[in-house]
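1. build the 3D model from these lines:
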Amino acid sequence: MAVVVTVAKGYDLGYIWKTHDHAAERGIGGYYLNAAQAGEPPGRWWGPGAQALGLTLGQTVQRTPYDAVYRQTDPRTGAKLGRLRGRYPTFADHLARLKAAEPHATAERLIELEREAAQATRQPAAYTDVTVSFSKSISVLRASIRENERRARLGGDRQAAAYWAEREQQFQEVLHRANWAALKYLQAWAGITRTGYHGTRVDGREPGRFEPAGLIVTSWLQGTSRDGDPQDHIHNQIAPITRTYRDGKWRALDTMSVRGVLAPCRPSPPPRWNASSRASSAWTGSHARTGAATRSAASCRRRWTPTPPAPCRCAKRNASSRGRGSASTAVRRPRASCCTSPTTPRWNHARAKTRARSTGMCWPRGGTPRSAASWPTSRPRCRTRAAPARERASITVAGRRPDRPRARPQARALAKALTLVSDQHPAWTRHDLLKQLALVLPPETRRMSPEQAQELLLGLAEEALSGRTGEVVCLEAPEWPPLPASLRRQLDGCSIYSRPGVARYATTAQLTLEECLVARAQAQRAPRLPGELAARRLGTSAALLEAELRGRAHDARGHCAPRGMRLDQAAAVWHVFTSPRTVEVITGPVGHG
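-> Predicted coordinates:
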C-alpha cells in the first residue's frame, strides 16, 4: 500500500477546525464525495504527554483543551507548561526598522521594503504537522462505504444504513490503528527533549543531554484532498511541548529528531499492486502500510493481492483488454497461457541473445531458440512448451555452473534493501534502511498480523545493523573512555549525549568499492611531463613554481605568468602536468579559474 508521509510546520491552530466544521465542496470526485458533505470525523488524542494531562488515548478532541495544550497551558489547572516560545520581531517591527533606515523612500521603495519585511518576519511554529496519506485504493474503498451508508439513509433503509455506518467506523479504526503504530515508532526514536546547555560543541558534540519524553499528538482523519478527490490522510499535529520521563518537567520538543526520522529518501520504483502498491517514502509508511493492509483486509473481508507484471506477447494476443485503474480490476490469465509464475523476472530477449552468442549457442532468426536444451539457466518469461523435470534439471550453458539454491525470502529482501539504500546514499542511517526495506518485503507479509509484520521489519533491520551478517559496517568512531550503563540509552545502547538514530552505516561492498577507487586514484603510473619542460611551456621556472606551491596562493595573486595566468594558477597546472598520480584534485574558490 502506497503511504506518503510529509512533515511541515504549522502556525494556524484554527485551520484544522475549519476543514472539519464546514462541508466539503463537490469536485472531480463525483458521487464519492456526496457522503463527505456532512464534514470529517473529529480528531483524537494520542501520546504519553497527552495522558499526563488527563487526555486518554483515542479521546475526541474538543476546542477548549485543544487551544490550551497547543498554547502550552494545562487544560485542567491553567498552569503554564514549560518555557514560553521565543518571540520574534513582528512584521511591523521589521518595517519600522527599514523605514527608519530610509526616511526619504519613495512609494515604490516602500513597497519593496514591505516585501523585505515580510520575508524577514518569523514566528514560532504552533505544532509540527506529520501527514500520513494512504493509497488511492484505500481512499476509494472507504468512500464507497460512506456512499452506501448515505444512499441507504436517504432511501429509508435503517438496517442497511446502520450496517454501512458500522463498517465505516471499523474502517476508521483500521486507519487510526495503522497511524498509531507509526506514532509508536516516532515516540521511541523522536520523542526527545534536550536538557542542559546546547549552545556550544566540544569535539563536534553538544554537551547537553538528549532524554526521552512523552509526545502530545492530535490525529485528524480526512477523506478528501484540496482538489476535491477521495484521499484518506491523517494530520498528526505534534505539540511543541513534551513531558520528560526522568523528572516529569515540561520541555520543548527536539524537532531535529523528528525530521531526522522523517528525512526524505527517494524510493526506487515499486512493483505494481492490485489494490495497494508497496511503496513507502518514509519510516511511517512501513508501519502504517502493514497495519492498514492487514486490518482493512480482515474488517472488510478483502484481500490485497499483488498484480502480476505486464503479460507477455502470447498473453496479449489471447487475453481480452480490460480497463485499468480500478481497485477491483484483476489481471486474468489467458486461455492458452504459456507464462510462468508472476514472480518470474521479465524475459529480456536482447540480453539472452547476447548471452547466447557469447557462449556459442545458435540463435534463430525468429527471436527465441526452439530447442529446450538451448535455454539459459535463468527461467524465461515465455515458453512454447514445458520441459520435463529431469530435462530441466540437466539444462546448463557451456562455461556456467548450475544455479545455486535460492536464499530465503527474508534474506533476499534484506540484500535488495541494502542495495537500494546504498544506491541512494553512500552512508545511511537506520531509518533510511527501514524505508527501503519496506519496499521489498516479500508478499507473504500480507498474510501476517500487523504486529508480526512490523516485528519482521524491525528484526531484519536489527540483524543487518548488528554486523553479524558481515554486510554492514558502522561508521561511528568507538567511544573512549567507555561510558557507564547509567549514561546509555536502553533504546540503542548509545550515549545520552548524542541524538538517537544519527549513527551512519555503510555496506562492505560500498567501502570496498571506495577503497578500490582511492587505490587506483593514488597509483603512481600516470603519464607526465618533465618539470623543466612543463615550466618552460608555462613561461616560468620550475623553482619558482615549487616555491609557489609551498606558499600561500593569495600572496601571488598580483604576479602574472607570461602565458596569461596568475602564478598560483600556473603552479597548480604545473603540479598536475608533473604528478605521477592518476587523479589530482584542485580546490579553489568560485571564480578562481
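2. okay, and residue 233 sits in which element?
-> Applying DSSP states H and E as the criterion places residue 233 in strand 230-238.
3. what about this protein, any weak spots by pLDDT?
-> 1-2, 19-39, 86, 263-407, 552-563, 591-593 (pLDDT under 70).
4. dump the residue contacts of the residue lying closest to residue 59 once chain neighbours are set aside.
-> Setting aside the residues directly before and after it, residue 59 is nearest to residue 45 in space (C-beta to C-beta, 6 or more residues apart in numbering), at 4.8 Å. Glycine gets a C-beta too; all of them are placed from N, C-alpha and C. For residue 45, the contacting residues are 55, 56, 57, 58, 59, 61, 216, 217, 218, by C-beta atoms under 8 Å, 6 or more residues apart in numbering.
5. going by distance to residue 520, which of these wins?
-> The closest of these to residue 520 turns out to be residue 217 (C-beta to C-beta; 51.5 Å).
6. next one: the closest one from residue 129, what distance?
-> 11 Å (C-beta to C-beta, to the nearest Å).
7. one more: residue 74?
-> 23 Å.
8. which residues touch the helix or strand following the strand holding residue 233?
-> Remark: after strand 230-238, the chain's next helix or strand is strand 241-244, criterion DSSP H and E. The contact list for strand 241-244 (C-beta under 8 Å, 6+ apart) reads 48-49, 52, 69, 72, 81-82, 191, 193, 195, 211-216, 249-253.
9. follow-up on the earlier one: shared neighbours, residue 217 and residue 129?
-> Joint contacts of residue 217 and residue 129 (C-beta under 8 Å, 6+ apart) are 236, 237, 238.
10. could I get the full set of strands for the stretch 51-200 of the chain?
-> 127-133, 192-195 (DSSP state E, counting those that start in this stretch).
11. tell me which strands and helices the first one is in contact with?
-> The contact analysis (3 or more C-beta pairs under 8 Å, 6 or more residues apart in numbering; DSSP states H and E) places strand 127-133 against strand 4-10, helix 158-190, strand 230-238, helix 255-261, helix 283-300.
12. need the winner for burial among the ones you listed.
-> helix 283-300 (a mean of 25; mean count of other C-beta atoms under 10 Å).
13. how about the contacts made by the closest residue to residue 134 other than its chain neighbours?
-> Distances taken as C-beta to C-beta, 6+ apart put residue 232 closest to residue 134, at 4.6 Å, once the chain neighbours are dropped. Residue 232 sits next to 133, 134, 138, 139, 142, 175, 221, 222, 223 when contact means C-beta under 8 Å, 6+ apart.
14. and residue 217 and residue 129? Which one has more around it.
-> residue 217 (24 against 19; other C-beta atoms under 10 Å).
15. so that one sits against residue 51, correct?
-> No. In this structure residue 217 lies outside contact range of residue 51 using C-beta atoms under 8 Å: 11.2 Å.
16. what about stretch 199-215, how long is it end to end?
-> 24 Å (C-alpha to C-alpha, to the nearest Å).
17. let's number from 585 now, not from 1
-> Fine by me, first position is 585 from now on; the one you just mentioned is stretch 783-799.
18. any buried residues in it, and which?
-> 790, 793, 794, 795, 796, 797, 798, 799 (16 or more other C-beta atoms under 10 Å).
19. equivalent analysis for stretch 680-690, please.
-> In stretch 680-690, counting by 16+ other C-beta under 10 Å, buried: residue 682.
20. one more: stretch 733-744?
-> Those would be 733, 734, 735, 736, 737, for stretch 733-744 by 16+ other C-beta under 10 Å.
21. how long is stretch 822-832 end to end?
-> 19 Å.
22. buried sites along that stretch?
-> Buried, per 16+ other C-beta under 10 Å, within stretch 822-832: 822, 823, 824, 825, 826, 827, 828.
23. so residue 1166 sits right up against residue 1110, yeah?
-> Yes. Using C-beta under 8 Å, residue 1166 is in contact with residue 1110, at 4.8 Å.
24. show me where the stretch 1035-1177 of the chain has strands.
-> 1056-1058, 1089-1091.
25. can I get these in a markdown table with distance to residue 1103 and mean neighbour count?
-> Formatted as a markdown table, these follow (distance: least, C-beta to C-beta, whole Å; neighbours: other C-beta atoms under 10 Å):
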| stretch | distance to residue 1103 | mean neighbour count |
| --- | --- | --- |
| strand 1056-1058 | 18 | 17 |
| strand 1089-1091 | 17 | 21 |
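26. include distance to residue 1048 when you put the ones you listed into a markdown table, please.
-> Output for the strands of the stretch 1035-1177 of the chain, formatted as a markdown table (distance: least, C-beta to C-beta, whole Å):
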| stretch | distance to residue 1048 |
| --- | --- |
| strand 1056-1058 | 5 |
| strand 1089-1091 | 8 |
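27. of those, which approaches residue 1015 most closely?
-> So among the strands of the stretch 1035-1177 of the chain, strand 1089-1091 is nearest, using C-beta to C-beta, at 11.0 Å.
28. tell me what the closest one is packed against?
-> helix 993-1008, strand 1056-1058.
29. switch the cut-off to 7 Å
-> strand 1056-1058 (3 or more C-beta pairs under 7 Å, 6 or more residues apart in numbering; DSSP states H and E).
30. adjacent strands (with direction) for the strand it packs on?
-> strand 1089-1091 (antiparallel) (DSSP bridges).
31. show residues contacting the strand it pairs with.
-> 1002, 1006, 1010, 1011, 1012, 1049, 1055, 1056, 1057, 1058, 1059 (C-beta atoms under 7 Å, 6 or more residues apart in numbering).
32. change it to 6 Å
-> Strand 1089-1091 is contacted from outside by 1002, 1006, 1011, 1055, 1056, 1057, 1058, 1059, using C-beta atoms under 6 Å, 6 or more residues apart in numbering.
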